[in-house]
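A.B. asks: Using only what follows, build the 3D model:
(one chain, ligands or ions: 1)
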Amino acid sequence: MNRKTTYITTPIYYVNAQPHLGHAYTTVVADTYSRFSRLRGDDVRFQTGTDEHGDKIVEAAAKEQVEPRQYVDNISAMFRDTWPLLTIDYDRFIRTTDEDHIGVVRHILQKVYDSGDIYFDEYSGLYCTGCERFLIERELVDGKCPDHLVEPKEITEQNYFFKMSKYQQQLIDHITNNPEFVTPERYRNEVLSFLSDPLDDLCISRPASRLDWGIKLPFDENYVTYVWFDALINYLTGIGYPDGERFAHYWAGAEHLIAKDILKPHAIYWPTMLMAAGADLYQKLHVHGYWNVDETKMSKSLGNVVRPAQLVEDFGVDTFRYFILREMSFGLDASFSSDAIIARNNADLANDLGNLFSRSVSMIEKYCDSVLPEPDGTDSDTVLKDAALKMIRGYAQHMGDFKFHLGLQAVWEFVGEANRYIVVNEPWALARDESRQVRLHTVMYNLGESLRLLALVLKPVMPGTAEKMMHGLGIAPGSDVMQTLERGGEWGLSKPGTALQKSQSLFPRIDVKKRKDAAPAKPKPAQKKKKNGGGAIEFDQFKAVDLRVARVVAAERVAKSDRLLKLSVLAPEERTIVSGIAGSCQPEDLVGRNVVIVANLKPVKLMGILSEGMVLTAEYKDENGNDRLTLLAADQSVKPGSRIA
Ligand SMILES: [Zn+2]
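C.D. replies: A predicted model of the protein is given here:
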């Protein structure tokens with residue numbers, strides 16, 4: 001058996017803060033990808049953990065008046081306690097204070113030192129304690145570290161350096177020859193652009209006299225290892241580098257997942273370290289954006305740090321998992337708010353999926369005595385079968401490409417199709433007609449089989465919900481047809497005669513009004529009900545229009561039309577909008593511009609292209625008196641997807 005191996009990792013989280021939404025997102029993505037990889041038949045290993053050395057930890061421990069060891073034990077435990085609440089199923093939780101990790105770090109340091117890629121030198125420079133590194137002049141803003149807003153201290157030290165510069169060209173070549181090494185592409189470009197300047201060597205030690213909370217260098221006990229050189233190696237330790245069986249087995253399938261703030265250590269330090277250690281590079285680095293909370297960046301000082309445990313309590317674990325995967329286009333920033341998660345819960349989950357499930361199951365109960373009926377083999381109705389197979393193809397493609405929002409979009413298109421199927425086929429009318437029982441049974445079977453396939457594809461995203469669905473459908477969790485897409489992703493594998501189980505509703509609606517009433521009342525703006533006559537609209541009507549800033553990422557003429565342009569815009573998810581502006585604008589002038597769109601306009605097909613939304617324009621006359629259109633613009637600094645109100 002030559003199964004593909006997948007080794008997915010999260011970063012090991014720095015324990016100077018408790019787990020928050022950002023950590024939860026990364027870890028849920030890794031868990032979903034791990035489960036998805038199993039579903040596509042891979043042999044999978046999934047690792048997460050905590051990063052526990054460095055002077056920021058010593059500072060944080062001192063603040064709480066505990067020893068660093070006790071401090072890291074406490075915070076690391078908070079991470080370990082959080083993950084089961086989010087149904088995270090990892091294979092190893094690694095800590096950089098683990099014995100085997102310390103051994104591997106010292107092994108690699110010695111190896112690289114022996115090969116001549118580590119040298120001793122004097123260095124003087126501007127050191128920022130917050131960053132735990134020397135800053136270079138051009139990084140400073142008004143003489144201060146831009147991240148910590150303090151002036152770095154000028155210090156002179158003797159330290160050990162890793163010859164990172166030696167591997168610069170080799171790294172550029174590797175990234176150039178392997179387009180998927182860093183994804184999405186914008187981050188690959190960022191790395192290549194960084195590498196277009198000469199790379200400095202990396203200072204990899206700290207004098208033990210200044211910092212003793214770290215791994216001692218094997219060749220000089222007066223120094224401890226720089227925290228990044230230590231931390232990155234966890235990915236090797238966790239699978240038994242250098243001689244472990246797991247290392248031999250899984251390393252070839254290594255995919256790292258990170259947030260964009262740690263791109264440089266992962267895309268530059270880490271591969272050059274691997275080159276120096278004589279190890280193969282990882283396969284892929286997947287980079288995601290930030291969550292903004294209620295449109296501002298999450299920060300302790302703003303008091304808007306979102307705790308995962310609280311979210312699970314408020315909304316339920318599967319609603320939370322679904323929301324973050326559906327709402328964020330992987331790679332871009334996204335916004336988190338209670339209103340947005342409630343809207344997704346009530347529309348996508350309670351209404352679309354939940355109703356489909358409960359209606360279908362209760363009809364099978366009512367019309368077929370709770371037993372999945374036999375479909376008519378001669379019936380030519382393949383509406384749901386075709387839609388289901390299309391869904392599985394789209395889902396598998398997008399999930400494998402880390403485009404989770406598109407994978408879920410494909411699934412929900414099918415959910416919509418199945419709901420329409422009920423409306424169109426009116427099973428209640430078939431049930432009243434004695435002569436149409438065979439057709440009724442086929443319709444019921446098709447719905448039951450659709451639900452089985454939905455449970456199959458939702459397993460990685462919402463494991464608990466998938467299990468509830470299987471239970472309701474009378475399918476054993478260990479059932480062969482529910483293990484992989486290959487074995488279960490075909491139409492018609494549900495067995496007629498299977499007894500359905502009584503099941504509860506999948507997703508209760510969340511009552512927005514109740515939640516609002518429970519919250520401290522905000523002063524309501526005085527409502528004026530004034531008859532304005534004419535075409536005046538109520539404020540609510542205006543509010544129903546979802547106006548957003550969108551960034552044009554691609555534009556082209558629509559074939560056989562001299563009026564239409566096809567635009568791809570980010571708002572913040574990518575979507576296609578067809579707009580009648582070809583007479584006034586050149587496609588190439590539009591790319592990169594921020595425009596204004598109506599985001600919730602019902603999609604329409606124009607010249608065979610599905611257009612999702614409308615670009616706002618203003619009419620004017622040019623110098624020759626011809627009618628022209630100009631696009632309403634938003635300032636370039638506004639993030640794509642920002643609401644206009
Ligand atoms: Zn700093």
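
A.B. asks: and the residue of the stretch 201-350 of the chain nearest the ion?
C.D. replies: residue 261 (12.6 Å; CB to the ion). C-beta coordinates here come from the backbone N, C-alpha and C atoms, glycine included.

A.B. asks: Need the nearest residue in space to that residue, chain neighbours excluded.
C.D. replies: residue 290 (8.0 Å; CB to CB, 6 or more residues apart in numbering).

A.B. asks: That neighbour and residue 217: what is the separation?
C.D. replies: 35 Å (CB to CB, to the nearest Å).

A.B. asks: What's the local residue count around residue 68?
C.D. replies: 22 (other CB atoms under 10 Å).

A.B. asks: And for residue 505?
C.D. replies: Using other CB under 10 Å, residue 505 has 12 neighbouring residues.

A.B. asks: Need the pLDDT of it.
C.D. replies: We have a pLDDT of 89 for residue 505.

A.B. asks: now it: how far from residue 118?
C.D. replies: In terms of CB to CB, residue 505 sits 61 Å off from residue 118.

A.B. asks: Residue 247 too?
C.D. replies: Distance from residue 247 to residue 118, by CB to CB: 23 Å.

A.B. asks: ok, those two, which is more surrounded?
C.D. replies: residue 118 (23 against 18).

A.B. asks: Tell me if I'm right that that one and residue 159 touch.
C.D. replies: No: counting by CB atoms under 8 Å, residue 118 does not reach residue 159; the two are 10.4 Å apart.

A.B. asks: which residues are common contacts for those two?
C.D. replies: Counting by CB atoms under 8 Å, 6 or more residues apart in numbering, the contacts common to residue 118 and residue 159 are residue 204.

A.B. asks: Can you name the next helix or strand after the helix or strand hosting residue 45?
C.D. replies: Element membership for residue 45, per DSSP states H and E: strand 43-51. Once the chain leaves strand 43-51, the next helix or strand it forms, by DSSP H and E, is helix 55-63.

A.B. asks: tell me the angle of whichever helix or strand comes after that next one relative to strand 43-51?
C.D. replies: Sequence-wise, the next helix or strand downstream of helix 55-63 (DSSP H and E) is helix 68-82. Helix 68-82 runs at 140 degrees relative to strand 43-51, counting by axes from the mean of the first three to the mean of the last three CA atoms, to 10 degrees.

A.B. asks: What's the mean pLDDT across helix 68-82?
C.D. replies: For helix 68-82, the mean per-residue pLDDT is 96.

A.B. asks: burial of residue 141, as a residue count?
C.D. replies: 10.

A.B. asks: which stretches of the chain have low pLDDT?
C.D. replies: 1, 295-304, 513-535, 540 (pLDDT under 70).

A.B. asks: Could you show which parts of it are in contact with the ion?
C.D. replies: 128, 130-131, 145, 147-148 (CB under 5 Å from the ion).

A.B. asks: Give the burial count for the closest residue to the ion within the stretch 151-300 of the chain, as a bare number.
C.D. replies: Residue nearest to the ion within the stretch 151-300 of the chain: residue 152 (7.0 Å; CB to the ion). Applying other CB under 10 Å, we find 21 residues neighbouring residue 152.

A.B. asks: The one 10 residues further on now?
C.D. replies: A count of nearby residues for residue 162, using other CB under 10 Å, gives 24.

A.B. asks: I'd guessed it sits against residue 204; true?
C.D. replies: Yes: with contact defined as CB under 8 Å, residue 162 reaches residue 204; the gap is 4.8 Å.

A.B. asks: Find residues that contact each of these two.
C.D. replies: 118, 229.

A.B. asks: Residue 222: helix or strand, and which one exactly?
C.D. replies: Secondary structure from DSSP H and E places residue 222 in strand 220-225.

A.B. asks: Neighbouring strands - and their directions - for that strand?
C.D. replies: strand 205-207 (antiparallel), strand 216-217 (antiparallel) (DSSP bridges).

A.B. asks: Give me the residues contacting it.
C.D. replies: Contacts for strand 220-225 (CB under 8 Å, 6+ apart): 53, 105, 109, 159-160, 204-209, 211-217.

A.B. asks: just checking, residue 335 touches residue 294?
C.D. replies: Yes: counting by CB under 8 Å, residue 294 is a contact partner of residue 335 at 7.4 Å.

A.B. asks: So these two - more neighbours on which side?
C.D. replies: Ranked by neighbour count (other CB under 10 Å), residue 335 and residue 294 place residue 335 first, with 19 against 14.

A.B. asks: in its sheet, what does the host helix or strand of the more buried one sit against?
C.D. replies: Here residue 335, judged by DSSP H and E, is contained in strand 334-336. Strand 334-336 sits in its sheet next to strand 291-293 (parallel), going by DSSP bridges.

A.B. asks: now the strand it pairs with, how far from the centre of its chain.
C.D. replies: 13 Å (CA atoms, centre = their mean, to the nearest Å).

A.B. asks: buried stuff in it?
C.D. replies: 291-293 (16 or more other CB atoms under 10 Å).

A.B. asks: could those go into TSV alongside distance to residue 123?
C.D. replies: Output for the buried residues of strand 291-293, formatted as TSV (distance: CB to CB, whole Å):
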residue	distance to residue 123
291	37
292	38
293	40
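
A.B. asks: picking up where we left off before, give the buried residues for the strand holding residue 45.
C.D. replies: Here strand 43-51 shows 43-51 as buried, counting by 16+ other CB under 10 Å.
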